[in-house]
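# Sequence first, predicted coordinates after that:
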Amino acid sequence: MAKTKTKEYHGELVEKRSQIGEIWKRFRRNKLAMVGMCIVIFMIFLAVFANVLSPYSPYLQVDDPLQFPSLKHWFGTDNYGRDLLSRVLYGARVSLLVALLALVISLVVGGVLGATAGYFGGAYDTFIMRLMDVLMAIPSMLLAVCVSALLGNGTINTAVAVAVGGIAQNARLLRSTVLSIRGQEYVEAAKSCGSGHMRIILRQVLPNTLSPVLVNTSLGLSGNILQISGLSFIGLGVQPPTPEWGSIINVGRSYITSFYPMIVFPGIAIAITAFGFNVMGDGLRDALDPKLKR
């Protein structure tokens, strides 16, 4: 009996590995998605090792202000004489961290609401979905602006403000996925064995929602970065002297006609990062699509 269980376990493990291998093979065929993944890995590398890669402290004046790019300062210096390359590198850490925190908050809150609404149904499902309809009726950027104005500036408050706009989307995604799963045989079998609702949701339902969640996570990070930069640009997000791409551009707009580096370099960083997450998310969606299996 023990040998049979061991064989079944190893068989399931081999099957899962083969599925992951097929997904990776389909993803690898998409050259643009591979480029996006390399960009994302590179930006994460810059964010993690910003303190090692930065030639100067991002907070201290190291030279004359508003110097154009040179061998000494590759991106030039800002209006306070701080090295722009160092501030852009540390800005990657701040932007990605806040974007990830916002995504986790929206995914946890929206996931719990959507999964429970799809699983239990009835009046609870109707109430939750109507509440999500109200949230989705408000543009996410406008909702982030309102929440940020209410909570105030700061890293955590900016993450919360951006997260509120993503709750409804995650809730609807999880609900639709759970609705297609809750009638499956393995869920019914778990119910007949006496498993509680929470155990079924955690052990049977949520693990089978990973594919759409992974795709939504990649695409959601791109949108979060743009929203965080937008909030900082209008003065409602991360505030100076904390280096964040949007806040650097906000300060640099006063010198846009005479000094381009404060606008161009953080803007390029935002565009490249958003592009990387977008194309990687598209590649994941294609690789995880069951219709593409052969």
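Structure's in. What do you need?
# Run a quick neighbour tally on the closest residue to Ser57 other than its chain neighbours.
Once flanking residues are discounted, Ser57 sits nearest to Ser86: 6.7 Å by Cβ to Cβ, 6 or more residues apart in numbering. (Glycine included, C-beta is placed from N, CA and C.) Using other Cβ atoms under 10 Å, Ser86 has 25 neighbouring residues.
# Distance from the chain centre to the host helix or strand of Ser86, please.
For Ser86, the host element (DSSP states H and E) is helix 84-120. Helix 84-120 sits 5 Å away from the centroid of its parent chain (Cα atoms, centre = their mean, to the nearest Å).
# Tell me which other helices or strands it touches.
Using 3 or more Cβ pairs under 8 Å, 6 or more residues apart in numbering; DSSP states H and E, the elements in contact with helix 84-120 are helix 31-48, helix 50-53, helix 122-137, helix 155-181, helix 197-200, helix 210-233, helix 245-252, helix 261-288.
# Point to the residue nearest the middle of this protein.
By Cα atoms, centre = their mean, the chain has its centre lying nearest to Leu221, at 2.3 Å.
# If I look at that one, what pLDDT would I see?
On pLDDT, Leu221 comes in at 89.
# before we move on, what about the one 10 residues further on?
The predicted local confidence for Leu231 comes out at a pLDDT of 91.
# Next: Tyr90.
The per-residue pLDDT reported for Tyr90 equals 94.
# Give me the neighbour count for Arg28.
Arg28, neighbours per other Cβ under 10 Å, totals 13.
# and it, that one's in a helix?
Yes: Arg28 sits within a helix when classified using DSSP: H, G, I helix; E, B strand; the rest coil.
# Can you give me the distance of it to Met280?
12 Å (Cβ to Cβ, to the nearest Å).
# so the residue nearest to the centre of the chain makes contact with Ser106?
No: taking Cβ atoms under 8 Å as the definition, Leu221 is not a contact partner of Ser106, at 11.0 Å.
# any residues touching stretch 157-164, and which ones?
98-99, 101-103, 105-106, 109, 135, 143-145, 147-148, 151, 224, 227-228, 231-232, 236-238 (Cβ atoms under 8 Å, 6 or more residues apart in numbering).
# same question, stretch 219-234
Applying Cβ under 8 Å, 6+ apart, the contact partners of stretch 219-234 are 95-96, 98-100, 102-103, 106-107, 140-141, 144-145, 148, 158-159, 161-162, 165-166, 169-170, 237-239, 244-247, 249-250, 270, 273-274, 277-278, 281-282.
# Give me the buried subset of these.
95-96, 98-100, 102-103, 106-107, 140, 144-145, 148, 158-159, 161-162, 165-166, 169-170, 237-239, 244-247, 249-250, 270, 273-274, 277-278, 281-282 (16 or more other Cβ atoms under 10 Å).
# Assign Leu60 to helix, strand or coil.
Classification of Leu60 using three-state DSSP returns coil.
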